[in-house]
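Peer 1: What follows is a predicted structure for the sequence shown.
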Amino acid sequence: MSTLTCPKCGSQMRNYERNQVHVDQCTGCGGLFLDRGELEALVQAENAWHQPQQTPQPAAAPQQPAYGQAPRYSSSPGRDQYGSGQRRKKSFLSELFD
């Protein structure tokens, strides 16, 4: 294979392969030169590298049993959890509006 010369500085170029793409690099100025279609192949390889890995979704946690409302305890005698028992006295204003 014939050695290539850099179109920018005229130094020799070396050829190497990255991700199945042949890259020509200048030994003098460090410039990179690609053949037609190789830039697109590198971009596709880069995009594939940064794609998030498809991990399986964890199974949903088992549903916790639903518990009813806790009973309310009152220190007032004669009142149960449903509120029956003695009623408050009506106020003066409530008697006006009845």
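Peer 2: Received it, and whenever you're ready, just let me know what you need.
Peer 1: can you list the weak-confidence ranges in the protein?
Peer 2: Residues of the chain meeting the criterion pLDDT under 70: 1, 73-98.
Peer 1: What are the boundaries of the helices in it?
Peer 2: Secondary structure of the chain (DSSP state H): helices located at 38-50, 92-97.
Peer 1: Give me the residue at the spatial middle of this protein.
Peer 2: By C-alpha atoms, centre = their mean, the chain has its centre lying nearest to Pro52, at 9.8 Å.
Peer 1: wait, doesn't Arg18 sit right on Ala41?
Peer 2: No - if you go by C-beta atoms under 8 Å, Arg18 and Ala41 don't touch, sitting 9.9 Å apart. C-beta: built from backbone N, CA, C; applies to glycine.
Peer 1: Between those two, tell me which one has more neighbours.
Peer 2: Set side by side, Arg18 and Ala41 show more neighbours around Ala41, with 16 against 11, by other C-beta atoms under 10 Å.
Peer 1: residues contacting the more buried one?
Peer 2: Asn19, Gln20, Val21 (C-beta atoms under 8 Å, 6 or more residues apart in numbering).
Peer 1: nearest to Tyr67, of those?
Peer 2: Within the contacts of Ala41, proximity to Tyr67 (C-beta to C-beta) peaks at Asn19, which comes in at 57.9 Å.
Peer 1: Can you tell me how far the residue nearest to that closest one when sequence neighbours are not counted is from Glu38?
Peer 2: Excluding the flanking residues, the one nearest Asn19 by C-beta to C-beta, 6 or more residues apart in numbering is Ala45, at 4.4 Å. To Glu38, Ala45 is 10 Å away according to C-beta to C-beta, to the nearest Å.
Peer 1: got any residues that touch both of these two?
Peer 2: By C-beta under 8 Å, 6+ apart, the residues touching both Ala45 and Glu38 are Val21.
Peer 1: The two: who's more crowded?
Peer 2: Glu38 (17 against 13).
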